[in-house]
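In: how does the following fold in three dimensions:
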Amino acid sequence: MEVQTQQANATNLTPAEAPAAETTVGSDLTADFDTFLTLLTAQLRNQDPLNPVDSTEFIAQLASFSAVEQQTQTNTLLEELLAATTGNGSDTQVSSWLGQQVNAPGPVSFDGQTTAEVTLTPPEGAERATLTITNDFGLTIGTLDLDPNATSYSWSGLDAAGTLSPAGSYTLTATYFSGDALTAEVIAGSYATVTEVRFADGGTQLILDTGASVDPDDVSGLRLPQTG
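Out: Numbers count the residues shown, from 1 in each chain. Below you'll find the model as predicted:
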């Protein structure tokens with residue numbers, strides 16, 4: 001009978017009272033739930049059949065540890081989200097760029113009337129350059145000579161035939177040469193409004209009103225929306 005009494009006392013220990021569980025809980029929250037299930041299974045197998053632990057207590061313990069596990073996962077997701085919202089190598093929160101205009105390489109929006117302004121980053125040593133204009137179907141509508149040192153360009157919307165292009169998105173690509181050798185191809189940048197900040201696959205993407213998706217690290221300028 002003494003052996004039975006000792007066994008009952010030992011097997012009626014709850015997971016919170018067990019030394020192994022206490023050590024695990026204190027050391028690593030992310031492993032708590034699996035450890036708890038292991039201890040719970042062992043407790044169920046070895047409990048005194050004449051004095052079993054109330055099933056309500058098991059349910060309460062499961063709910064408690066499940067809540068801890070969910071909170072741990074939530075904290076992890078919040079940390080990833082906070083890290084993702086910091087872009088362009090600074091403390092600037094990318095989410096604060098919503099509604100503002102960013103300058104990044106990609107399609108420029110042309111309204112069919114107003115001159116489209118783009119920015120360029122010419123390489124050093126370029127002797128000549130051309131600017132190729134393609135529409136949103138990928139078709140080239142014009143190629144013209146470009147000052148190899150120009151850092152900006154105003155496109156009037158005219159194609160190679162001198163016809164005004166319809167409203168839409170156009171990509172302006174500057175091609176630079178040194179002599180006859182190609183030195184660089186640079187997609188012109190332009191300002192567009194940030195309409196969405198999207199977090200996916202551990203990264204951040206800015207969705208612009210042109211429909212383009214831009215990496216925050218590619219942004220070279222930020223400004224308030226222009227009016228008038």
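
In: now the residue nearest to the spatial centre of the chain: phi and psi?
Out: Closest to where the C-alpha atoms of the chain average out (Cα atoms, centre = their mean) is residue 204, at 2.1 Å. Main-chain dihedrals, residue 204, degrees, to the nearest 10: phi -120, psi 140.

In: for residue 183, same thing?
Out: phi -110, psi -30.

In: how near is it to residue 209?
Out: Distance of residue 183 to residue 209, computed by Cβ to Cβ, to the nearest Å: 33 Å. Any C-beta I mention is one placed from the backbone N, CA and C, and that applies to glycine too.

In: which of these two has more neighbours?
Out: residue 183 (17 against 12; other Cβ atoms under 10 Å).

In: which residue ranges form the helices in this protein?
Out: 2-11, 19-27, 32-46, 55-84 (DSSP state H).

In: for the third one, the distance to its chain's centre please.
Out: Distance of helix 32-46 from its chain centroid, counting by Cα atoms, centre = their mean, to the nearest Å, is 38 Å.

In: just the C-alpha atoms of it, please, in PDB.
Out: This file holds the C-alpha atoms of helix 32-46, laid out as PDB (Å, rounded to 0.1, in the frame of the first residue of the first chain):
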ATOM      1  CA  ASP A  32       5.900  24.900 -24.400                       C
ATOM      2  CA  PHE A  33       2.900  23.500 -26.200                       C
ATOM      3  CA  ASP A  34       4.700  20.400 -27.500                       C
ATOM      4  CA  THR A  35       6.300  19.800 -24.100                       C
ATOM      5  CA  PHE A  36       2.900  20.200 -22.400                       C
ATOM      6  CA  LEU A  37       1.300  17.600 -24.700                       C
ATOM      7  CA  THR A  38       4.100  15.200 -23.900                       C
ATOM      8  CA  LEU A  39       3.700  15.600 -20.200                       C
ATOM      9  CA  LEU A  40      -0.100  15.500 -20.400                       C
ATOM     10  CA  THR A  41       0.000  12.200 -22.400                       C
ATOM     11  CA  ALA A  42       2.400  10.700 -19.800                       C
ATOM     12  CA  GLN A  43       0.100  11.900 -17.000                       C
ATOM     13  CA  LEU A  44      -2.900  10.300 -18.600                       C
ATOM     14  CA  ARG A  45      -1.100   7.000 -19.000                       C
ATOM     15  CA  ASN A  46       0.200   6.900 -15.500                       C
END
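
In: pLDDT (mean, whole number) over it?
Out: Regarding helix 32-46, the rounded mean pLDDT is 74.

In: residues touching the spatially closest residue to residue 212 that is not a sequence neighbour, list them.
Out: Spatial nearest neighbour of residue 212, excluding adjacent residues (Cβ to Cβ, 6 or more residues apart in numbering): residue 106 at 4.5 Å. Shown in contact with residue 106 (Cβ atoms under 8 Å, 6 or more residues apart in numbering): 171, 187, 189, 190, 192, 208, 210, 212, 214.
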